[in-house]
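# sequence and predicted model, in that order:
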Amino acid sequence: MLQLMQLYRAMTSLARGKRWPGDFHYWASGLLALAVAPFLRKLGLPLSLDWVRLGSAYWLVLAAQSIFVATLLYLIGGAPATTLGPLLERARRDKLRIALALAFFLILLWVFTWLKALVLTVDAIAVLEFRERLKPEARNQTVLSVLIPTLYLFAGFLLIFAYNDIILSVRFYGAADPAFNAMDKWLLRGTSVSDLCHWAVRRFPVSFFHLLEFIYFGMFAQIGAALILNGVYSGKKLALRFVGTILTAYYLALILFFLWPSQGPYYLCTQHFLDFPISLKAYALQKASIANSQALWSHSRIRQISTDYYIAFPCMHIAQPLVVMWFLRPWRRMLAVLAIYNVLLVGAIVLLEWHYVVDIFGGVLVAGFAIVAVNGRELLRSARNMSTSGSATSLS
């Protein structure tokens, strides 16, 4: 007990003196950036990046999805009078806006699917509203508050993809799978994630799994949405801290992946590619993941570093949403919607056979560590304020 009190006093002293090392993620990113080229060269991996795929995935697809989700969360979390009110008033005064928006949607619908048309139309309206509502002097500052953290996150992702390839060049990609599968069977009393997945395959139509994929791959948009909302409402400093927390979780995941490399339950399951619906995106991605991992382990030359990601433990599909929820906690309605979505996400992770249950627990721990590591000063300040208010209440 005495040791815990001493640790708390030391942490409080750091926070009071504003010396909490929460900005260490910048140093970690810098060191990883300096080391990446020598590692790639030594292992015979390419120094070139697949800029077309990386750029389109991040700056086009993810950006469009993130603006759409940020808009939805803004409408959910804010009061209708301040969110939809100004938009509806402008549309009432100028009916041409409605006609142009409808025409824009119909043109996109002719070119794309209805969902892409909807996303892009909402994005266009949101960007125009953003321009209308902000004064010119505040507009550039707000754009930079989103753009600078976005660039930092992109640079961090490039490092993560590169170090995925580096680790698989020196560590066998399925070394820890048998151990994690055994842990799962102990936790689930003899059942495994593969058993649950194939039970679902036998009982539900393929459309059910397409819905699960929509939930699973839709997770990434909430990361971009949280970055946008934090940047617009709280400024560049908090948005950078959010990105730093996400990257800290990823850097820890890289360390754990080096120690215990694993693919996921689909790797050990002999029936997976026989029973799993071939029309699913996950089918092709999981098959490619095994093939690419084998190529890296056998030192077959790959052409470029791309968006390939191999880490099963810890599950970053859980770690990242938890970080998002922590940073968006002031907006309770947003938090409630994200909580419901992320509960469904756990089901998608398991039934698509992406991760072990142990991976999910690992993701929770990694998220908690990253939040404390980067935001410790704020956590201690909140704890101290709660303690002070509690003491004042008891005295009164």
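Structure received.
# any figure for the gap between the most centrally placed residue in the chain and Leu153?
A centroid search over the chain (C-alpha atoms, centre = their mean) returns Gln320, at 4.1 Å, as the residue closest to the centre. With distances taken as C-beta to C-beta, to the nearest Å, Gln320 is found 11 Å from Leu153. Any C-beta I mention is one placed from the backbone N, CA and C, and that applies to glycine too.
# likewise for Val111?
Following C-beta to C-beta, the distance that separates Val111 from Leu153 is 29 Å.
# of those two, which one has the most company?
Leu153 (22 against 9; other C-beta atoms under 10 Å).
# mind checking pLDDT for the more buried one?
On pLDDT, Leu153 comes in at 97.
# for it, what are its contacts?
By C-beta atoms under 8 Å, 6 or more residues apart in numbering, the contact list for Leu153 reads Ile223, Leu227, Val243, Ile246, Leu247.
# okay, those in JSON lines with distance to Val357 and secondary structure next?
Converted to JSON lines, these look like this (distance: C-beta to C-beta, whole Å; DSSP: H, G, I helix; E, B strand; the rest coil):
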{"residue": "Ile223", "distance to Val357": "23", "secondary structure": "helix"}
{"residue": "Leu227", "distance to Val357": "29", "secondary structure": "helix"}
{"residue": "Val243", "distance to Val357": "29", "secondary structure": "helix"}
{"residue": "Ile246", "distance to Val357": "23", "secondary structure": "helix"}
{"residue": "Leu247", "distance to Val357": "26", "secondary structure": "helix"}
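# what subset of the residues you listed is buried?
Burial by neighbour count, judged by 16 or more other C-beta atoms under 10 Å, picks out Ile223, Leu227, Val243, Ile246, Leu247 from those.
# which other helices and strands contact the helix or strand containing Leu100?
Element membership of Leu100, judged by DSSP states H and E, is helix 95-111. Here helix 95-111 touches helix 85-93, helix 114-133, going by 3 or more C-beta pairs under 8 Å, 6 or more residues apart in numbering; DSSP states H and E.
# point out the most buried one among those.
Comparing the helices and strands packed on helix 95-111 by mean neighbour count (mean count of other C-beta atoms under 10 Å), helix 114-133 comes out on top with a mean of 16.
# C-terminal to it, what's the next element?
Following helix 114-133 in sequence, per DSSP H and E, is helix 136-170.
# ok, now which ones touch Leu247?
His25, Ala28, Ser29, Tyr152, Leu153, Gly156, Ile160.
# buried residues, stretch 58-70. List them.
Quick answer for stretch 58-70 (16+ other C-beta under 10 Å): Tyr58, Leu62, Ala63, Ala64, Gln65, Ser66, Ile67, Phe68, Val69, Ala70.
# just put those in CSV and tack on pLDDT, secondary structure and distance to Arg303.
What follows is the buried residues of stretch 58-70, written out as CSV (pLDDT from 0 to 100; DSSP: H, G, I helix; E, B strand; the rest coil; distance: C-beta to C-beta, whole Å):
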residue, pLDDT, secondary structure, distance to Arg303
Tyr58, 93, helix, 20
Leu62, 94, helix, 23
Ala63, 95, helix, 26
Ala64, 95, helix, 27
Gln65, 95, helix, 27
Ser66, 96, helix, 29
Ile67, 95, helix, 32
Phe68, 96, helix, 33
Val69, 95, helix, 33
Ala70, 95, helix, 35
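# between the residues you listed, which is closest to Cys197?
Closest approach between the buried residues of stretch 58-70 and Cys197, by C-beta to C-beta: Gln65, at 26.1 Å.
# the closest one contacts Val119, doesn't it?
Yes - using C-beta atoms under 8 Å, Gln65 makes contact with Val119 at a distance of 6.6 Å.
# can you tell me how far the closest residue to Trp260 other than its chain neighbours is from Leu285?
Closest residue to Trp260 apart from its sequence neighbours, by C-beta to C-beta, 6 or more residues apart in numbering: Ala176 at 3.8 Å. Taking C-beta to C-beta as the criterion, Ala176 is separated from Leu285 by 20 Å.
# higher neighbour count, those two?
Ala176 (22 against 16).
# for the more buried one, which residues are in contact?
By C-beta under 8 Å, 6+ apart, the contact set of Ala176 is Trp260, Pro261, Ser262, Phe313.
# which of those residues sit farthest apart?
Across the contacts of Ala176, the longest distance by C-beta to C-beta is 8.4 Å; it joins Pro261 and Phe313.
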